[in-house]
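Undergrad: Compute the structure for the input listed below.
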Amino acid sequence: MAERSTAAVDVAAGGGDEPLTTQADQTTADEAEQREHTAAGEGTQHTQNADAVTQPQVRAPELHSGHKLARRYRLEECVTRLDGFSSWRAVDEKLRRAVGVHLLPADHPRARSVLSAARSSALLGDPRFVQVLDAVEENDLVYVVHEWLPDATELTSLLAAGPLEPHDAYQLVSQLSQAMAAAHREGLAHLRLTPSAVLRSSTGQYRIRGLAVNAALRGIKSDTPQRDDTEAIGALLYASLTQRWPYEVDAYGLSGLPKDAGRIAPDQVRAGVHRGLSELAMRALVNDGATASRLEQPCTTPEELAKAVAELPRIKPPEPTFTAAPEYQRTTYQQGTYGRAQQLGATQPVPAPPQPLEGRTGKALKWGVSALLIAALGLGSWQLADALMERGGSGDPGTSQQSEENGDGKQTAPKPLSIKDAEELVVSGSAQAPGEVGKTYDGDTSSYWRTKSFLDGPEMKIKPGVGIVYDLGSEQNVSAASIKLRFGGDHTAVSLYAADSLSPGSVEGLKQIGTKTQTQSTSAKVEAKEPVKTRYVVLWLTALPHAERDGYSNAGYKQGITDVKFSG
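TA: Residues are numbered from 1 along each chain as shown. Prediction:
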């Protein structure tokens, strides 16, 4: 059975209309973008209702800045006026925040479609998408209110500055494919996934705006929504690697490919492109089936694309660049001229050295100083020898202990233990982030594994705890663990246990190596009273601090682990 996009749920009669032509004086940048989108041939198999061509033209509502909707949303600036609808930047006076508003007449042929799409999108509630806040019909108007992210940057602007770094491009395709896979599992498609629909926040997270709504506003439908959205993600990845649009026409401020050149891979367009990402872009972009010359199957759904991204070797972020420190310069204060202006080019007089002492008085002083120095050296030598003799006879504990520990001279300081593998330990309920456990020992402190956000805390209520099991490769004497945490606050309780496998099922009955309750600081060190020999170590969290919303995680009791190191 052919797939159907839910961008226009329950509105088969009016949701598939072809975009209507606007008046010449109402043309905006968005209309030009729509023409670019169509001409670019993004591969989407959008189906249009042919009867829509004969429908009467609908004008956008004649509203102005300062107009209020529901005595709450004050319109500030019109950013789009197209196909009988308009889009505005507005202010929610009740919550004192900026919002976006789409407006169209209640008798618009797509009004039912837009309302249905907006309400379906709002029910998803996924923070990776710009959230729909309200969808209302009143006073012959239909309007949709959505989030406005003033600190976010459109992908269009990022690409105008140049291609993205491989790590940024990897994050882009990873986050977009995972987000759209989640949307399609709920029956929602985008169908207008263009560079202007992707935003990057100040924290580096990518967010998608216009899920289902943008397509409903323009009357776009598709019989293969998953394939179309996958191809759109492939086009965005291609553009981020090459700063070129992967079709023969220019679009979204990017130059297209040469005429009659065919679909060439990104690493053939620009030197230095990451080969794995280049192949991934082509698998998503040319997804109409494998050929004899292709080694990899095409990605036809966001889910398949997300799995393909996960199979790529991890791409590390670029090393930070440090600017050289300015050359050291002596100040006038250090030169002994503080408070006095120096004359440039003038030669400074060199003070003459003091005259040597002469006569009997000078000779007497010289001999006196020499005698005092000899006496001081002799006294110091005698005291040092006496102290060494006392220490040797008293059997100093520190010396004795060091001798016992060193024995035949072997090194006894704790040695670092390498981690070979790790898995999340799920005792009850669902997992936290099983695909991220490797980030806790990859040596990159900017990556992390994070728990979900819980309503109750600090002590965990609905779960006995959450944690990770680490495989050291062979049995080792474990004496301590150094743990870098993502959040401070009151408080984090962490314990270490020795396990007999990578999947112990529970911490009950396991031997505890050590425990630590950490407050405020984001560095915790758990030490054992005596080393415990084990191959598998469980890091177990039973209390989490309260932290604000970050990335895709809401505010609540949660904790993240950025780095773990064991020693023994």
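Undergrad: Any buried residues in the helix or strand hosting residue 103, and which?
TA: Applying DSSP states H and E as the criterion places residue 103 in strand 97-105. Of the residues in strand 97-105, 99, 100, 101, 102, 103, 104, 105 count as buried by neighbour count, 16 or more other C-beta atoms under 10 Å. The way it works is simple: take the backbone N, C-alpha and C, and place the C-beta from them, glycine included.
Undergrad: any idea how far the residue nearest to residue 85 when sequence neighbours are not counted lies from residue 115?
TA: Leaving aside its chain neighbours, residue 85 sits nearest to residue 104 (3.7 Å; criterion: C-beta to C-beta, 6 or more residues apart in numbering). Distance of residue 104 to residue 115, computed by C-beta to C-beta, to the nearest Å: 10 Å.
Undergrad: Can you work out which residues contact both of these two?
TA: Common neighbours of residue 104 and residue 115, using C-beta atoms under 8 Å, 6 or more residues apart in numbering, are residue 142.
Undergrad: got a list of contacts for whichever strand or helix holds residue 281?
TA: Using DSSP H and E, residue 281 falls within helix 275-285. Residues outside helix 275-285 that contact it (C-beta under 8 Å, 6+ apart): 43, 166, 169-170, 173, 230-231, 233-235, 237-238, 241, 246, 263, 265-267, 296-299, 305, 308-309, 312-313, 315.
Undergrad: List only those of these flagged as buried.
TA: 43, 166, 169-170, 173, 230-231, 233-235, 237-238, 241, 246, 265-267, 298-299, 305, 308-309, 315.
Undergrad: quick one: which of those sit in strands?
TA: Using DSSP state E, no member of the buried ones among the contacts of helix 275-285 sits in strands.
Undergrad: Quick one: residues contacting residue 198.
TA: Applying C-beta under 8 Å, 6+ apart, the residues near residue 198 are 154, 155, 172, 176, 206, 207, 208, 209, 236.
Undergrad: Next, give me the two most distant ones among those residues.
TA: 172 and 209 (15.0 Å; C-beta to C-beta).
Undergrad: Without its sequence neighbours, what residue ends up closest to residue 564?
TA: Among residues not flanking residue 564 along the chain, residue 440 sits closest, at 5.0 Å (C-beta to C-beta, 6+ apart).
Undergrad: go on, residue 310?
TA: That would be residue 435: by C-beta to C-beta, 6+ apart, it lies 6.9 Å from residue 310.
Undergrad: Is that neighbour part of a helix or strand, or is it coil?
TA: Taking DSSP: H, G, I helix; E, B strand; the rest coil as the rule, one finds residue 435 in the helix state.
Undergrad: ok, it - how many residues close by?
TA: Residues near residue 435, counting by other C-beta atoms under 10 Å, number 11.
Undergrad: I'd like to know how many residues surround residue 114.
TA: So residue 114, with other C-beta under 10 Å, has 31 neighbours.
Undergrad: thought it was touching residue 141?
TA: No. With contacts counted by C-beta atoms under 8 Å, residue 114 stays clear of residue 141, the gap being 11.5 Å.
Undergrad: what residues do those two have in common as contacts?
TA: residue 104.
Undergrad: Please name the residues that touch the spatially closest residue to residue 130 that is not a sequence neighbour.
TA: Nearest residue to residue 130 in three dimensions, chain neighbours excluded: residue 209, at 3.7 Å (C-beta to C-beta, 6+ apart). Under the criterion of C-beta under 8 Å, 6+ apart, the neighbours of residue 209 are 129, 130, 146, 147, 197, 198, 199.
Undergrad: Distance check, the third one against residue 373.
TA: The one in question is residue 146. Counting by C-beta to C-beta, the gap from residue 146 to residue 373 is 84 Å.
Undergrad: Compare the two and say which is more crowded by neighbours.
TA: Neighbours per residue (other C-beta under 10 Å) separate residue 146 from residue 373, with residue 146 holding more: 24 against 10.
Undergrad: Report the residue spans of this structure with pLDDT below the cut-off.
TA: Scanning the chain for pLDDT under 70 picks out the ranges 1-61, 287-295, 321-362, 382, 385-412.
Undergrad: The nearest residue to residue 303 once chain neighbours are set aside is in what secondary structure piece?
TA: Once flanking residues are discounted, residue 303 sits nearest to residue 181: 4.3 Å by C-beta to C-beta, 6+ apart. Element membership of residue 181, judged by DSSP H and E, is helix 166-185.
Undergrad: Please name every helix or strand in contact with that helix.
TA: Secondary-structure packing of helix 166-185 (3 or more C-beta pairs under 8 Å, 6 or more residues apart in numbering; DSSP states H and E): strand 206-208, helix 225-242, helix 275-285, helix 302-311.
Undergrad: Just give me the neighbour total for residue 516.
TA: By the criterion of other C-beta under 10 Å, residue 516 has 15 neighbours.
Undergrad: Phi first, then psi, for the residue lying closest to it once chain neighbours are set aside.
TA: Among residues not flanking residue 516 along the chain, residue 526 sits closest, at 4.5 Å (C-beta to C-beta, 6+ apart). Torsion angles at residue 526 (phi, psi; degrees, to the nearest 10) stand at phi -100, psi 120.
Undergrad: With residue 161 instead?
TA: phi -80, psi -20.
Undergrad: Same question for the one 3 residues further on.
TA: Phi and psi for residue 164, reported as degrees, to the nearest 10, are phi -80, psi 160.
Undergrad: Let me see the contact set for it.
TA: For residue 164, the contact set (C-beta under 8 Å, 6+ apart) comprises 158, 172, 240, 241.
Undergrad: tell me the contacts of the second one?
TA: Spelled out, that is residue 172. 155, 164, 198, 206, 236, 237, 240.
Undergrad: On the three-state scheme, residue 122 is what?
TA: Counting by three-state DSSP, the backbone at residue 122 sits in helix.
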